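A.B. asks: kindly generate the corresponding structure for this input.
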Amino acid sequence: MSRHDDWLLNQLPAGMLGEDFFVRFVRIFQEQAGTLLAHADNLPYLADRTITPLAMVHWMSQWLGLAGIDDSFTDPVQRQILTTAGATLQWRGTPKGLRLMLELFSGGAVTVSEGGGVFRRGEAPVGPAWVVMEVQSTGLLEEADFLRLVLDEIPAHVHAEIWIGERRAWPLPERLAQGVAS
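C.D. replies: The predicted structure follows:
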């Protein structure tokens, strides 16, 4: 919304505008009120992830359960992380949600294979649920951060394998040798 610079002064009777002290005094309040009105004018846009300040992007990401967004990422990447988190929240822990999240952070094609599904009584496969995720890269993330992020999205009862390129990154061979659950 556009306002004239002297919007508050212009509402005063003409006789009051002739007093220099009074005009300077009212301008103090006009300046303060102008700041408040500018914030009020921008309120409808505050939750628009495409234009809101980055501090608000970080705050909104916490509303969605993200631990945080790395400040070193570019502005568009930070906004895309928030967008993807919001769009995939309903799919969290599912193959579709994993694929969308992996595509965002790896920056490339992703393959997600899993052994879940809906089965008739007595026809469910024996053994734990499983998921295998394959990416070519961890994108902007260090491998340890990438693994931590991905493993946080997988339901606790699901056995997971993560492949980066041709190498199995999870579970690590030493974890298998120790019999530690993944």
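
A.B. asks: okay, CA-based contacts and neighbour counts for the rest of this
C.D. replies: OK.

A.B. asks: pretty sure Leu98 contacts Arg92?
C.D. replies: Yes - using CA atoms under 8 Å, Leu98 is in contact with Arg92, at 7.0 Å.

A.B. asks: name the residues contacting each of the two.
C.D. replies: Glu153 (CA atoms under 8 Å, 6 or more residues apart in numbering).

A.B. asks: who has more neighbours out of these two?
C.D. replies: Leu98 (23 against 17; other CA atoms under 10 Å).

A.B. asks: quick one: which helix or strand includes that one?
C.D. replies: helix 95-106 (DSSP states H and E).

A.B. asks: in that helix, what counts as buried?
C.D. replies: Across helix 95-106, burial judged by 16 or more other CA atoms under 10 Å covers Pro95, Gly97, Leu98, Arg99, Leu100, Met101, Leu102, Glu103, Leu104, Phe105, Ser106.

A.B. asks: packing partners for that helix?
C.D. replies: Secondary-structure packing of helix 95-106 (3 or more CA pairs under 8 Å, 6 or more residues apart in numbering; DSSP states H and E): helix 75-88, strand 110-114, helix 143-153.

A.B. asks: 10 Å instead?
C.D. replies: Applying 3 or more CA pairs under 10 Å, 6 or more residues apart in numbering; DSSP states H and E, one finds that helix 95-106 contacts helix 75-88, strand 110-114, strand 130-135, helix 143-153.

A.B. asks: quick one: mean pLDDT over the longest helix anywhere in the chain.
C.D. replies: The helix that spans the most residues within the chain, counting by DSSP state H, is helix 20-42. Per-residue pLDDT values over helix 20-42 give a mean of 88.

A.B. asks: with stretch 85-103 instead?
C.D. replies: Stretch 85-103 comes out with an average pLDDT of 91.
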